[in-house]
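> Got a sequence here, can you model it:
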Amino acid sequence: MKSFAVVFPGQGSQSVGMLESFMSNKIVAQTFEEANEALGYDLKKIVLTGPDTELNKTEITQPAILTASVAAWRALMAAAGGDQPKACAGHSLGEYTALVAAEAISFADAVRLVRLRGQAMQEAVPAGTGAMMAVLGLDDDAVVGGCADVSKEGDAVWSANFNTPGQVVISGSKDAVARAGEYFAEKGARRCVALPVSVPSHCPMMQPAADKLAAALADIELCDASIPVYANVLARPVVAQGEIIDCLVKQLVGSVRWVETVQNMKADGIEALIEVGPGKVLTGLNRKIDKTLVTGNIASDEELAKVLESLNAWLIWLPSRHYPGPVMAGRDGQLQLTVWPEGRQPGKPGHVMAHEALSCTVQRLCADAGLLWFKADCRRRADTSTQSTFSWSNTGLIHEF
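Numbers count the residues shown, from 1 in each chain. Sure thing, here's the model as predicted:
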């Protein structure tokens, strides 16, 4: 199995009916029952039937997303046959789910804690005084500098989420965010999109909420993480209890450094990033950050099976000058590649790779995996392409990735 990490979504991934098709999984259903007991109300009913106005209340949204993500995580672990992720992370609220997965905090404590977190965030600023906006098409330094340029004493804006290269979310007072949008449009931003949020997250305006969170954390039993958790504010793994608590408090007033988090995971040997929980927001972000990572998301039994299949497959990268892109090949099966002469592939640049070089690539993979090498066949086709076929073991799934 590939070296993989799991990542958990944050607020904004919720929708009425999320995980509905997953509820037939006993592990998922039981997790929602545990949440109902911890919270003292029927969270599962709100998640499945709504209405939207109720689910989108921050103090309900946060427990709902955490519960859905923990449920999907437990289903993954039950099906993975003992295979564990090398690390985990979560985007904003998702960091709490990551800590549950890493056994640093109990699920019951976490679901109550994020309810309090949601309430504290809502109470930190008067309604209608804060705002957030996604700035697209500018680099990070330009956004950070622009926020400083338009900020005033008591009327400021900050960089909140570094989501992908060229996508930064800003947060602050309503007027300052509006000024920033005009400023960035003049500086060449592709788009500036106001976000439909009720609180300005991840900026110093959340300090009252951070203070309440710190007090609540003092009354909760946390322990060292069993697997590394990449903290939003550091973009590196943390394990120690004290550092975990410190990062959670700072996260409310600091930036989510998601691009660096994904890049550091890749540098630390992670080959696959699996989003566990409702929606596909992080999967989209992760692909934009690093296309060489295997990605997937789990919010249903079907998606769970697909992810486990991909984690157990080979991702074979052939240089782009030889073959257009990577292919995913089952560890048992047949791989067939069509290689076109230079300049002849319809609609694409030319790609050339000798059959012998392809043979060496696939044969080396088989040898490294301890698989028996069976056959390599090559034939020319009437359209001047070369079709190379490689077979090993019995049969398996092949598809372009």
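> And S15, how far from T58?
From S15 across to T58, the span is 16 Å (C-beta to C-beta, to the nearest Å). The C-beta positions use only the backbone N, C-alpha and C, and glycine is treated the same way.
> Looking at the two now, which is surrounded by more residues?
Legend: neighbour count by other C-beta atoms under 10 Å for S15 and T58, higher for T58 (21 against 16).
> Now the phi/psi pair for the more buried one, please.
The phi and psi values for T58, taken as degrees, to the nearest 10, are phi -50, psi -40.
> Kindly report the same for A189.
Here the main-chain torsion angles of A189 (degrees, to the nearest 10) amount to phi -60, psi 140.
> Model confidence score at it, please.
Here, the pLDDT recorded for A189 equals 97.
> So W158 lies in a strand, does it not?
Yes - under DSSP: H, G, I helix; E, B strand; the rest coil, W158 falls within a strand.
> Quick one: neighbours of it, just the number.
23.
> is it true that it touches S173?
No - using C-beta atoms under 8 Å, W158 makes no contact with S173, being 10.2 Å away.
> Residues that sit against both of the two, list them.
Common neighbours of W158 and S173 are not found (criterion: C-beta atoms under 8 Å, 6 or more residues apart in numbering).
> For the residue nearest to N232 when sequence neighbours are not counted, give the beta-bridge partners.
Once flanking residues are discounted, N232 sits nearest to V256: 4.5 Å by C-beta to C-beta, 6 or more residues apart in numbering. With DSSP bridges as the criterion, V256 is bridged to N161.
> where exactly do the helices run in the stretch 1-150 of the chain?
26-39, 43-49, 52-55, 58-79, 94-101, 107-124, 140-150 (DSSP state H, counting those that start in this stretch).
> State the mean pLDDT of stretch 146-166.
For stretch 146-166, the mean pLDDT works out to 97.
> Endpoints of it, how far apart?
One end of stretch 146-166 to the other measures 14 Å (C-alpha to C-alpha, to the nearest Å).
> what's the answer for stretch 276-292, then?
End-to-end distance of stretch 276-292: 19 Å, with C-alpha to C-alpha as the criterion.
> now do stretch 82-94
Stretch 82-94: ends 23 Å apart by C-alpha to C-alpha.
> What's the mean pLDDT across that stretch?
Taken as a whole, stretch 82-94 carries a mean pLDDT of 94.
> buried sites along it?
85-94 (16 or more other C-beta atoms under 10 Å).
> measure the residue nearest to A134 when sequence neighbours are not counted to A38 for me?
Nearest non-adjacent residue to A134, counting by C-beta to C-beta, 6+ apart: V193, 4.6 Å away. In this structure, V193 and A38 are 36 Å apart, going by C-beta to C-beta.
> higher neighbour count, the two?
Between V193 and A38, counted using other C-beta under 10 Å, the more crowded position is A38 (18 against 14).
> how far away is the more buried one from Y183?
According to C-beta to C-beta, A38 stands 45 Å off from Y183.
> what about the helix or strand where E243 lies, distance to the chain center?
According to DSSP states H and E, E243 maps onto helix 241-253. Distance, stretch centre to chain centre, for helix 241-253: 20 Å (C-alpha atoms, centre = their mean, to the nearest Å).
> Could you check the angle it makes with helix 94-101?
For helix 241-253 against helix 94-101, the angle by axes from the mean of the first three to the mean of the last three C-alpha atoms, to 10 degrees is 160 degrees.
> tell me which strands and helices helix 241-253 is in contact with?
Applying 3 or more C-beta pairs under 8 Å, 6 or more residues apart in numbering; DSSP states H and E, one finds that helix 241-253 contacts helix 94-101, helix 207-217.
> Restricting to C-alpha, output it in CSV.
Output of helix 241-253 as CSV, limited to C-alpha atoms (Å, rounded to 0.1, in the frame of the first residue of the first chain):
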residue,chain,number,x,y,z
GLN,A,241,0.1,17.5,23.9
GLY,A,242,1.3,21.0,24.8
GLU,A,243,2.1,22.0,21.2
ILE,A,244,-1.2,20.6,20.0
ILE,A,245,-3.1,22.9,22.5
ASP,A,246,-1.0,25.9,21.5
CYS,A,247,-1.7,25.3,17.8
LEU,A,248,-5.4,25.0,18.3
VAL,A,249,-5.6,28.3,20.1
LYS,A,250,-3.3,30.1,17.6
GLN,A,251,-5.3,28.7,14.7
LEU,A,252,-8.3,30.8,15.4
VAL,A,253,-6.3,34.0,15.0
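> Thanks a lot, see you next time.
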